[in-house]
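Trainee: Take a look and give me a structure for this.
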Amino acid sequence: MVDFISSLGEYLGNVEGFEFHEFPSLERLAIATEQELRGLVLVTVVESTIDSLRCMAKYITGTVDALQLKPGGGAEWLASLRKLDLQVVIDALCTLPGVGPKVAACIALFSLDQHHAIPVDTHVWQIATRYLLPELAGARLTPKLCSQVADAFVRKYGKYAGWAQTLLFIAELPAQKTILPSQFGNITEIKPAIEKDGEADIGNCGYK
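Mentor: Below you'll find the predicted structure:
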């Protein structure tokens, strides 16, 4: 599905057999119909994930439609979010079809310069309760606790907390553990960030 969507953008070139495209504009993306995306699902995924990806097709087309109705157009509306406080950005993104707090935090972090946004899921929750909030280990993750997790990362890593969380998240993935150097294989503790000129140093994310 991602390959199909990216193929709608302007062709950039070929590197060692891999074709690269710009991500398509909203106007170009609007050409893709829900039926086309659903059809792609049937030939690209295993049976257990078909239903969830069918919903994704609906959300993609619904979000494109919603963005095109925004004042000034969707691209301008999204760009304007860069100037707002994080919670305002999260709330605004959650008005789009299929976008909840975690996805909104991902968008804010990776696309809207909100470097302290923390997308909290069960994996990030496990990291947080192991190293930052051990007193909450065993509790059930709730929206309120998601906020506590985000706050804990920001207290530890400051304005770039979202990227520190991303490194820890990736390092926990089994596929990544197999390619990490052996000395990076275990996380023993997360040391406090060192302030440098008023900014948190995230160079040491707790890897042994």
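Trainee: Just the CA atoms of stretch 98-114, as PDB, please.
Mentor: What follows is stretch 98-114, C-alpha atoms only, in PDB (Å, rounded to 0.1, in the frame of the first residue of the first chain):
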ATOM      1  CA  GLY A  98      -8.800   7.300  12.000                       C
ATOM      2  CA  VAL A  99      -6.200   9.500  13.800                       C
ATOM      3  CA  GLY A 100      -5.900   8.900  17.600                       C
ATOM      4  CA  PRO A 101      -3.500  10.300  20.100                       C
ATOM      5  CA  LYS A 102      -0.700   7.900  19.300                       C
ATOM      6  CA  VAL A 103      -0.800   8.500  15.500                       C
ATOM      7  CA  ALA A 104      -1.200  12.200  16.100                       C
ATOM      8  CA  ALA A 105       2.000  12.200  18.200                       C
ATOM      9  CA  CYS A 106       3.800  10.300  15.500                       C
ATOM     10  CA  ILE A 107       2.800  12.900  12.900                       C
ATOM     11  CA  ALA A 108       3.700  15.700  15.300                       C
ATOM     12  CA  LEU A 109       7.100  14.300  16.000                       C
ATOM     13  CA  PHE A 110       8.200  13.100  12.500                       C
ATOM     14  CA  SER A 111       6.500  15.800  10.400                       C
ATOM     15  CA  LEU A 112       5.600  18.900  12.400                       C
ATOM     16  CA  ASP A 113       8.800  19.700  14.300                       C
ATOM     17  CA  GLN A 114       7.300  18.700  17.700                       C
END
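Trainee: buried ones in it?
Mentor: Residues of stretch 98-114 classed as buried: 99, 101, 103, 104, 105, 106, 107, 108, 109, 112, 114 (neighbour count, 16 or more other Cβ atoms under 10 Å). C-betas here are computed from N, CA, C, even on glycine.
Trainee: pLDDT weak spots in this structure?
Mentor: Residue ranges of the chain with pLDDT under 70: 1, 39-54, 182-208.
Trainee: can you pull the buried residues of the lengthiest helix in it?
Mentor: Ranked by residue count, the top helix of the chain under DSSP state H comes out as helix 50-68. Neighbour counts over helix 50-68 (16+ other Cβ under 10 Å) mark 53, 54, 56, 57, 59, 60, 61, 63, 64, 67 as buried.
Trainee: Please apply the same query to stretch 120-139.
Mentor: Counting neighbours by 16+ other Cβ under 10 Å, one finds that the buried residues in stretch 120-139 are 120, 124, 125, 127, 128, 129, 131, 132, 133, 136.
Trainee: So which residues make contact with it?
Mentor: Stretch 120-139 is contacted from outside by 101-102, 105, 118, 141, 145-146, 148-150, 152-153, 156, 165, 168-169, 172, 187, 189-190, 206, using Cβ atoms under 8 Å, 6 or more residues apart in numbering.
Trainee: From the residues you listed, list just the buried residues.
Mentor: 101, 105, 118, 141, 145-146, 148-150, 152-153, 156, 165, 168-169, 187, 190, 206.
Trainee: picking that back up, in JSON lines, list the buried residues of helix 50-68 along with distance to residue 3.
Mentor: Below are the buried residues of helix 50-68 laid out as JSON lines (distance: Cβ to Cβ, whole Å):
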{"residue": "53", "distance to residue 3": "14"}
{"residue": "54", "distance to residue 3": "18"}
{"residue": "56", "distance to residue 3": "14"}
{"residue": "57", "distance to residue 3": "14"}
{"residue": "59", "distance to residue 3": "18"}
{"residue": "60", "distance to residue 3": "14"}
{"residue": "61", "distance to residue 3": "17"}
{"residue": "63", "distance to residue 3": "19"}
{"residue": "64", "distance to residue 3": "18"}
{"residue": "67", "distance to residue 3": "22"}
